[in-house]
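S.K.: Have a look at this prediction, sequence included:
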Amino acid sequence: MSSEIQARGPLDGRQIQANGVRLAGLPSAALVNVRGPIADAAIDKALKRVIGCQRPTRPNSIEVGKAGRILWLGPDEWLVELPTDGALDQTALEAALASTQATVCAVGAGLARVSVEGSQARWLLAAGSPLAGDRTAIAAGDCAQTRLAHASVIVVAESADALTVLVRRSMAGYLWQWFEAASARLEPAQPAAS
């Protein structure tokens, strides 16, 4: 028996292919919530040393380092996404931040992740959230906290037509059912006029 445990998400293996959109449930990720005062430079120094980047200070932005990325969630709150290969874990992050004013809490197992890709990806999310259906709502490389259907979510714009949605595990099944119903109502993408 292997000593490694593979984290499973509640939506692992689920897929939807519809008009201009592909959805896939993703495995759980190593996600760590970090809170602390923005003025504490020791937090940024520790994160830079361990992850390779500092906390983003611009609302809804993301900083990417060699060993993970950091999403801005609020003026004193960030979500750190660690590599899935296990090269860096919560213990190492906690040790690096021990002498700072930061608090650290693992949340990866508490969040389900869904990949939403394709030309209609943003329009699908717009059908159930206040985010606009075009690329102006959330730029590639940024993130946003919003409501989707009746669930609180974090949306990460991986690129123009690829999004990752993070939702509490307890709402994952509900949100997946909403995705199924909403994607079935998408109209085929119209070819661009020449």
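M.R.: Structure received. Please read these numbers as outputs of a predicted model, since none were measured by experiment.
S.K.: Following the helix-or-strand element of the chain with minimal mean pLDDT in sequence, what is the next regular element?
M.R.: Least confident helix or strand, the chain: helix 90-97 with a mean of 89, by mean pLDDT, DSSP states H and E. Tracing the chain past helix 90-97, the next element assigned as helix or strand by DSSP states H and E is strand 103-106.
S.K.: quick revisit: contacts for the least confident helix or strand of the chain next, please.
M.R.: Residues outside helix 90-97 that contact it (CB atoms under 8 Å, 6 or more residues apart in numbering) are 30, 32, 34, 36, 43, 46-47, 49-51, 80, 82, 104, 106. Backbone N, C-alpha and C define where each C-beta goes, glycine included.
S.K.: What of stretch 43-61?
M.R.: With CB under 8 Å, 6+ apart, stretch 43-61 has contacts from 34, 36-38, 62-72, 78, 80, 82, 88, 92-93, 96-97, 99-102, 138, 141-144.
S.K.: List the buried residues for it?
M.R.: Going by neighbour count (16 or more other CB atoms under 10 Å), the buried part of stretch 43-61 is Ile43, Asp44, Ala46, Leu47, Val50, Ile51, Cys53, Gln54, Arg55, Pro56, Asn60.
S.K.: Next, work out how far apart the last one and Gly108 are.
M.R.: The one in question is Asn60. Noted for Asn60: a distance of 21 Å to Gly108, by CB to CB, to the nearest Å.
S.K.: And for the third one?
M.R.: Ala46 sits 20 Å away from Gly108, going by CB to CB.
S.K.: Span of stretch 109-123 from start to end?
M.R.: Chord length of stretch 109-123, first to last residue, is 28 Å (CA to CA, to the nearest Å).
S.K.: right, I mislabeled it, should have said stretch 46-59
M.R.: Terminal residues of stretch 46-59 are spaced 21 Å apart (CA to CA).
S.K.: Give the rounded mean pLDDT of that stretch.
M.R.: Here stretch 46-59 scores 95 as its mean pLDDT.
S.K.: what helices or strands is whichever strand or helix holds Leu175 leaning on?
M.R.: Element membership for Leu175, per DSSP H and E: helix 169-184. Using 3 or more CB pairs under 8 Å, 6 or more residues apart in numbering; DSSP states H and E as the contact test, the elements touching helix 169-184 are strand 15-18, strand 21-26, strand 111-117, helix 121-126, strand 151-159.
S.K.: Next, the angle from that helix to strand 21-26.
M.R.: Counting by axes from the mean of the first three to the mean of the last three CA atoms, to 10 degrees, helix 169-184 lies at 160 degrees to strand 21-26.
S.K.: what does helix 169-184 contact?
M.R.: Everything outside helix 169-184 that qualifies as a contact, by CB under 8 Å, 6+ apart, is 9-11, 14, 16, 18-19, 21, 23, 25, 109-112, 114, 116, 124, 127-128, 148-153, 165, 167.
S.K.: What subset of the residues you listed is buried?
M.R.: Buried by 16+ other CB under 10 Å: 9-11, 14, 16, 18-19, 21, 23, 25, 111-112, 114, 116, 124, 127-128, 148-149, 151, 153, 165, 167, out of these.
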